[in-house]
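Trainee: Below are the sequence and a predicted model for it; my questions follow.
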Amino acid sequence: MYNEMQASENIISFENTYIIKHNSVGASPKMIAAEELMAAAIHDLKNPLASIRGLGQLGMLTSSSKRERSYFERIIKQVDSLNTSVIDLLSVFKPERSVKAKPSLIVKEVLDEFRAACDINNIKLIFKSEYEGEINLHIKVFKRAVENLVRNAVQILPDGGKIEIHTYEDENNFIMSINDNGPGIPDDMKESVFQPFFTSGRMEPV
């Protein structure tokens, strides 16, 4: 199974192993037009969110009770959460330019972010890098993909689990595999796992 990532990167799932493959496939004109349309629509959401947040702040300032202020505070927090989602979507449909970057450095940065959570849960992180070169990369999208895969593994692994990341080159392609010793994807979820916003509903935040 595979799912497109920024028109030039694929994620392939084999049992407990995820492989990110970077190749040179370009985006079609129709895809570019759709991305630009979605980017414009998503950008338009930012203005009403800013207005709602402003009204929430005004409500906090003019509230006469602690209870009322708590309601407006919750509204502001939810708006901030939505605004973060809008920014994330905008970065997908109006992506950054690809730049030369070392994927191994980005992977190391991601792993450092999860090191504390892994230590607490007695999860062993192993990174084997056989490719230290540069490739044309959409850094934010690549980093988000690695973060999501590692986070999913951390969330599902039992105490004493193991996550192995391996990067290498194969026929002029950059390959990265992420393998863990967790229970794997249940059979009834395999058909849906690459659908947008799919979740098993069992995850805890890391």
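Mentor: In hand now; what should we look at? Numbers count the residues shown, from 1 in each chain.
Trainee: those helices in the protein, which residues are they?
Mentor: 29-44, 46-62, 66-93, 103-120, 139-156 (DSSP state H).
Trainee: tell me which strands and helices the longest one is in contact with?
Mentor: Helices and strands touching helix 66-93, as assessed by 3 or more C-beta pairs under 8 Å, 6 or more residues apart in numbering; DSSP states H and E, comprise helix 29-44, helix 46-62, helix 139-156. Where C-beta positions appear, they are placed from N, C-alpha and C, glycine not excepted.
Trainee: Provide a list of residues in contact with the residue sitting nearest the centre point of the chain.
Mentor: Taking C-alpha atoms, centre = their mean, the centroid of the chain lies closest to residue 144, which sits 3.3 Å from it. Residues counted as contacts of residue 144 (C-beta atoms under 8 Å, 6 or more residues apart in numbering) are residue 88.
Trainee: hey, which helix or strand in the protein has the poorest pLDDT?
Mentor: strand 2-5 (a mean of 33; mean pLDDT, DSSP states H and E).
Trainee: how near is residue 81 to residue 73?
Mentor: 13 Å (C-beta to C-beta, to the nearest Å).
Trainee: So for the two, which sits in the more crowded spot?
Mentor: A side-by-side neighbour count of residue 81 and residue 73, using other C-beta atoms under 10 Å, places residue 73 first with 15 against 10.
Trainee: Do you know the pLDDT at the residue of the chain most remote from its centre?
Mentor: Relative to the centre of the chain, the most outlying C-alpha is that of residue 64, 40.9 Å out, by C-alpha atoms, centre = their mean. Per-residue confidence (pLDDT) for residue 64: 88.
Trainee: residue contacts, it?
Mentor: By C-beta under 8 Å, 6+ apart, residue 64 has no neighbours at all.
Trainee: how far away is it from residue 55?
Mentor: Counting by C-beta to C-beta, the gap from residue 64 to residue 55 is 17 Å.
Trainee: roughly how far is stretch 135-149 from the heart of the chain?
Mentor: Taking C-alpha atoms, centre = their mean, to the nearest Å, one finds the center of stretch 135-149 at 8 Å from the center of the full chain.
Trainee: Quick check: mean pLDDT of that stretch?
Mentor: Averaging pLDDT along stretch 135-149 yields 85.
Trainee: Mind listing what's buried along it?
Mentor: 135, 137-138, 141-147, 149 (16 or more other C-beta atoms under 10 Å).
Trainee: Report the residue spans of this protein with pLDDT below the cut-off.
Mentor: Along the chain, segments meeting pLDDT under 70 span 1-28, 30-32, 34-35, 91-96, 194, 196-206.
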